[in-house]
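Asks: Okay, predicted coordinates and the sequence, questions at the end:
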Amino acid sequence: MTRHALLAAAALLASGQAQAQLVQERTVSLAAAQAIALAAVEACAARNFAVTATVVDRSGVIRAMLRADRAGPHTIGASRKKAFTSASARNATSAMAQAAESNPGARNLVHIPGFLLLGGGVPLRAGDEVVGAVGVGGAPSGQIDEECANAAIEKHRDMLR
């Protein structure tokens, strides 16, 4: 093989390897994030709870956040951290909290910066793929926060395809 042919083959191989290293990922759209955040706030409002709902993309970056009238200022950070935790771990925060209580190996999850192991964070899935998460904070319990998050997801399930 000539030197020119070897260089051409090496360039082709390098470009093929670079392309093979790219990853395609789906993430929640702005429209879906806004609709889910609003639906979560409305689901809790229907039960007379003023909450904040935050929707993050698959990497935990905020896409939408809505704070209901009269929701406490602490609900902003709580909902954001629940959404981040859920997206990062690809799991509901209530399940993670339960694991931290019962599994000594999971107890240190509470020390990860940005994590909040309280119910109310739920992953957004398109099929089996996590495309984001919603976190709700401000109801009297994490269970109610999670119920509002799940109601919002169910209402807009068609937007997660």
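Replies: All right, it came through fine. This structure is a prediction, so every number in the text was calculated from the model and none was measured.

Asks: Could you grab the helix/strand/coil label for the closest residue to Ala68 other than its chain neighbours?
Replies: Spatially, and ignoring its direct neighbours in sequence, Ala68 is nearest to Ala50 (4.3 Å; CB to CB, 6 or more residues apart in numbering). The C-beta positions use only the backbone N, C-alpha and C, and glycine is treated the same way. What DSSP: H, G, I helix; E, B strand; the rest coil gives for Ala50 is coil.

Asks: Break down this protein into its strands, ranges please.
Replies: Here the chain has its strands, by DSSP state E, at 52-57, 62-67, 121-126, 129-137.

Asks: re the thing from before, list the residues that contact the residue nearest to Ala68.
Replies: Counting by CB atoms under 8 Å, 6 or more residues apart in numbering, Ala50 touches 44, 68-72, 75, 138.

Asks: Considering these, which possesses the most neighbours?
Replies: Counting neighbours by other CB atoms under 10 Å, the top entry in the contacts of Ala50 is Cys44, with 27 neighbours.

Asks: what's the spacing between the residue minimising distance to the centre of the chain and Phe84?
Replies: Nearest to the geometric centre of the chain sits Ala133, at 2.3 Å (CA atoms, centre = their mean). According to CB to CB, to the nearest Å, Ala133 stands 8 Å off from Phe84.

Asks: overlap in contacts of the two?
Replies: 56, 60, 121.

Asks: that older thread, format the contacts of Ala50 as JSON lines; extra columns: pLDDT and distance to Glu129.
Replies: Below are those laid out as JSON lines (pLDDT from 0 to 100; distance: CB to CB, whole Å):
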{"residue": "Cys44", "pLDDT": "98", "distance to Glu129": "27"}
{"residue": "Ala68", "pLDDT": "98", "distance to Glu129": "30"}
{"residue": "Asp69", "pLDDT": "98", "distance to Glu129": "35"}
{"residue": "Arg70", "pLDDT": "98", "distance to Glu129": "36"}
{"residue": "Ala71", "pLDDT": "98", "distance to Glu129": "31"}
{"residue": "Gly72", "pLDDT": "98", "distance to Glu129": "34"}
{"residue": "Thr75", "pLDDT": "98", "distance to Glu129": "29"}
{"residue": "Gly138", "pLDDT": "98", "distance to Glu129": "29"}
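
Asks: Between all of those, which two are separated the most?
Replies: Cys44 and Gly72 (12.8 Å; CB to CB).
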